[in-house]
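Enquirer: My questions are about this predicted structure, shown below with the sequence.
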Amino acid sequence: MTAYDLKMVRRTGEATREEIRTAATRLFRERGFARTSVRDIAALASSNPALVIRHFGTKELLFLETMHLTIDDEPLLNVPPEQLGERFIERLLADDDIRGVYLALVRGSNEAQIKSRLQDIHEKTFVGPLRSRLVGPDADIRARLAAAVIGGLLYALWVVGDEVLVAADPRELVVRYGALLQQILTPSA
């Protein structure tokens with residue numbers, strides 16, 4: 001029996017599953033869906049590719065299980081409405097997990113289930129928290145426009161890598177982009 005075989009014997013099914021999940025999360029965030037193989041995940045998890053499939057079904061299902069993007073609503077809900085724009089941008093840029101998950105989802109969005117997850121995240125992470133704070137008959141469209149503006153910032157920073165924005169002082173981005181977002185959230189009458 002090799003050292004690899006001994007390691008495999010000693011791990012429980014749940015431990016193996018968790019190691020696979022951890023490896024997949026890391027690789028999907030670093031490389032994206034298409035550039036991550038089941039073999040790569042298994043190798044990083046010191047596992048067998050067949051176990052990856054046995055535990056998760058497919059690479060796409062494993063991706064969907066590991067790639068979640070959430071923003072803690074609490075810091076968004078405890079500020080006055082006129083500070084919501086800045087607070088939302090501040091929370092978004094302060095959370096390193098958001099970047100990795102967002103990029104992995106965008107890169108994999110040509111797959112139907114991943115596109116659906118991206119749409120769900122857009123609705124629940126961006127539109128929903130904003131809409132919950134808005135009033136008036138146009139609250140839904142303002143929340144959706146605000147989410148689109150947020151998506152534009154993420155795209156410029158993380159997909160395109162706009163050098164000027166990437167090098168900008170994060171506080172300046174929060175203030176300026178927060179003001180832009182605020183104009184959509186609370187337009188003047």
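Expert: Looks like it came in fine. Numbering: from 1, shown residues only.
Enquirer: Give me the below-cutoff pLDDT ranges for the chain.
Expert: 1-12, 69-77, 189 (pLDDT under 70).
Enquirer: And the helices in it, which stretches?
Expert: For the chain, the helices defined by DSSP state H occupy 3-10, 13-31, 38-44, 49-56, 59-66, 73-77, 84-94, 96-107, 112-121, 128-131, 139-154, 163-167, 170-185.
Enquirer: Any chance of CSV for those helices, columns mean neighbour count?
Expert: In this view, the C-beta of every residue, glycine as well, is placed from N, C-alpha and C. Shown next, in CSV, are the helices of the chain (neighbours: other CB atoms under 10 Å):
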stretch, mean neighbour count
helix 3-10, 10
helix 13-31, 18
helix 38-44, 18
helix 49-56, 17
helix 59-66, 19
helix 73-77, 13
helix 84-94, 21
helix 96-107, 19
helix 112-121, 15
helix 128-131, 19
helix 139-154, 18
helix 163-167, 10
helix 170-185, 17
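Enquirer: how close does residue 37 sit to residue 78?
Expert: Distance, residue 37 to residue 78, by CB to CB, to the nearest Å: 43 Å.
Enquirer: Looking at the two, which has the bigger crowd around it?
Expert: Remark: of residue 37 and residue 78, residue 37 carries more neighbours, 14 against 9, as counted by other CB atoms under 10 Å.
Enquirer: excluding its backbone neighbours, what's nearest that one?
Expert: Using CB to CB, 6 or more residues apart in numbering and skipping the chain neighbours, the partner closest in space to residue 37 is residue 59 (7.7 Å).
Enquirer: just residue 109 next, same as before
Expert: Residue 109's closest residue in space is residue 115 (CB to CB, 6+ apart), at 4.7 Å.
Enquirer: Please look at that neighbour and residue 121 and confirm they touch.
Expert: No: between residue 115 and residue 121 there is no contact under CB atoms under 8 Å: 10.8 Å.
Enquirer: which residues are common contacts for those two?
Expert: Residues touching both residue 115 and residue 121 by CB atoms under 8 Å, 6 or more residues apart in numbering: none at all.
Enquirer: For residue 163, give its distance to residue 101.
Expert: Distance from residue 163 to residue 101, by CB to CB: 23 Å.
Enquirer: Please apply the same query to residue 66.
Expert: 9 Å.
Enquirer: for residue 179, same thing?
Expert: 26 Å.
Enquirer: Quick check: end-to-end length of stretch 157-176?
Expert: 15 Å (CA to CA, to the nearest Å).
Enquirer: roughly how far is it from the heart of the chain?
Expert: Mean C-alpha position of stretch 157-176 versus that of the full chain (CA atoms, centre = their mean, to the nearest Å) differs by 18 Å.
Enquirer: ok, residue 58 - contacts?
Expert: The contact partners of residue 58, by CB under 8 Å, 6+ apart, come to none.
Enquirer: Got phi/psi on it?
Expert: Backbone torsions for residue 58, taken as degrees, to the nearest 10, come to phi -140, psi 170.
Enquirer: I am finished for the moment; much appreciated.
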